[in-house]
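Engineer: I'd like to go over a predicted model; first the sequence, then the structure.
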Amino acid sequence: MIEATELTKRYGGRNAVDKLSFTVRPGRVTGFLGPNGAGKSTTMRLILGLDTPTAGRVTVGGKRYADLRAPLRTVGSLLDAKGVHGGRSAHQHLAALAASNGIPGRRVDDVLDLVGLPADTARTRTKGFSLGMGQRLGIAAALIGDPEVLILDEPVNGLDTEGIRWIRGLMKSLAAQGRTVFLSSHLMSEMELTADHLIVIGRGRLIADTTMRDFIRTNSRSHTLVRSPEPEKLRALLEARGWGVRLDPGGGWRVDGTDATAIGDLARDHGLAVHELTPAHSTLEEVYTALAGDSAEYRAGEAASGKEAVR
Ligand SMILES: Nc1ncnc2c1ncn2[C@@H]1O[C@H](COP(=O)(O)OP(=O)(O)OP(=O)(O)O)[C@@H](O)[C@H]1O
């Protein structure tokens, strides 16, 4: 569990993190979203004791990071996959981390296996590692202490499709084991598939702390997707009713202001074939983009309650 209470970090004259209070609970994957400069990395650094708060506090498993005796056994993190000495091998890097936290050396082979880094690769210097291999090594380092809490900043960066799918499965299985998984990503489609819960910030303030499902439901414009072999005829009929009609990126029309029943009846009354008629919600990406485009920093002032998704 991660608990932030009125967490504040001031740089120069500006609050990068501004009275942020939230709880990241075990047993689920929590996504951390916010536009560039919203304060996500700063928050993660504060959680990990890499920076000190100006005010407020944040704890991991009930303790401040600085008070953890063997931190890697409590919290594993991936903030910057390039933060590895290029002259060392992956094996040496992980062995050094293990030794520094009283973790048995045999754990190194376990985590290498878990992240799919072959033994011979793990013995070569990391300087030649691809971005994807570096990312796997970073995740191995995060897992070395078998921690209850995982904090990962953009963990799918540089991974190919198979790697992204692998991370998704790994995050979900770690959460299913009862661990706390907190991750940021700019890949919305991936976040939608991976996270159960979302914490959204803008300008250092809490905007939403809610389930993925509720975040999308509350902020999406529900619409009906309709396809017909005579799309223009259908569009004319829909618009004549005063309903909003937009082109769906996948083809067909997105219709606002009515429901599937009314559209189906309308098409039938005019002898028009309909090949698809689906009530639909926006994707996370659509909701998020609309929110971000709505105003710089998500109308941070309006979201004072913090618990409700923005509208
Ligand atoms: N060490 C620092 N000194 C001064 N200002 C900083 C420092 N670190 C971050 N900031 C500022 O704090 C704000 C929040 O930055 P932060 O990197 O936490 O945002 P972010 O949400 O992680 O953004 P991104 O998605 O681009 O990584 C920004 O305005 C940034 O310029």
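Structural biologist: That came through fine.
Engineer: every contact and neighbour count from this point should use C-alpha atoms.
Structural biologist: Fine.
Engineer: and the pLDDT at the residue in the stretch 151-300 of the chain that the ligand sits nearest to?
Structural biologist: The minimum distance from the stretch 151-300 of the chain to the ligand, using C-alpha to the nearest ligand atom, falls at residue 204 (7.0 Å). Residue-level confidence at residue 204 comes out at 94, pLDDT.
Engineer: residues contacting residue 235?
Structural biologist: By C-alpha atoms under 8 Å, 6 or more residues apart in numbering, the contact set of residue 235 is 245, 253.
Engineer: quickly find the element holding it.
Structural biologist: helix 231-240 (DSSP states H and E).
Engineer: what parts of this protein come near the ligand?
Structural biologist: Residues of the chain lying near the ligand by C-alpha under 6 Å from any ligand atom: 11, 16, 34-42.
Engineer: go again with 8 Å.
Structural biologist: Selection of the chain residues close to the ligand by C-alpha under 8 Å from any ligand atom yields 11-12, 14-17, 33-44, 186, 203-204.
Engineer: ChimeraX command to pick out the buried ones of these?
Structural biologist: Those of these that count as buried under 16 or more other C-alpha atoms under 10 Å are selected in ChimeraX with:
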select :15,16,17,33,34,35,38,39,40,41,42,43,44,186,203,204
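Engineer: just the residues of the chain next to the ligand: which are in helices?
Structural biologist: In helices, defined here by DSSP state H, the members of the residues of the chain next to the ligand are 40-44.
Engineer: distance from stretch 109-121 to the middle of the chain?
Structural biologist: The chain centre lies 25 Å from the centre of stretch 109-121; the measure is C-alpha atoms, centre = their mean, to the nearest Å.
Engineer: now do stretch 164-172
Structural biologist: 12 Å.
Engineer: which residues touch that stretch?
Structural biologist: 28-29, 155-156, 181, 190, 193-194.
Engineer: just flag the most distant two among those residues.
Structural biologist: Spanning the widest gap among the contacts of stretch 164-172 are 28 and 156, at 18.1 Å by C-alpha to C-alpha.
Engineer: can you tell me how far residue 165 sits from residue 220?
Structural biologist: Here the criterion is C-alpha to C-alpha, to the nearest Å. By it, residue 165 lies 26 Å from residue 220.
Engineer: mind checking which of these two has more residues around it?
Structural biologist: Using other C-alpha atoms under 10 Å as the criterion, residue 165 and residue 220 rank with residue 220 on top: 20 against 15.
Engineer: my guess is that one contacts residue 280. True?
Structural biologist: No: shown here, residue 220 and residue 280 do not form a contact pair, counting by C-alpha atoms under 8 Å, at 9.6 Å.
Engineer: ok so, going back, tell me which residues of the helix holding residue 235 are tucked away?
Structural biologist: Quick answer for helix 231-240 (16+ other C-alpha under 10 Å): 231, 234-235, 237-238.
Engineer: for residue 24, what are its contacts?
Structural biologist: By C-alpha under 8 Å, 6+ apart, the contact set of residue 24 is 1-3, 30, 180-182.
Engineer: dihedrals phi and psi, it?
Structural biologist: phi -100, psi 120 (degrees, to the nearest 10).
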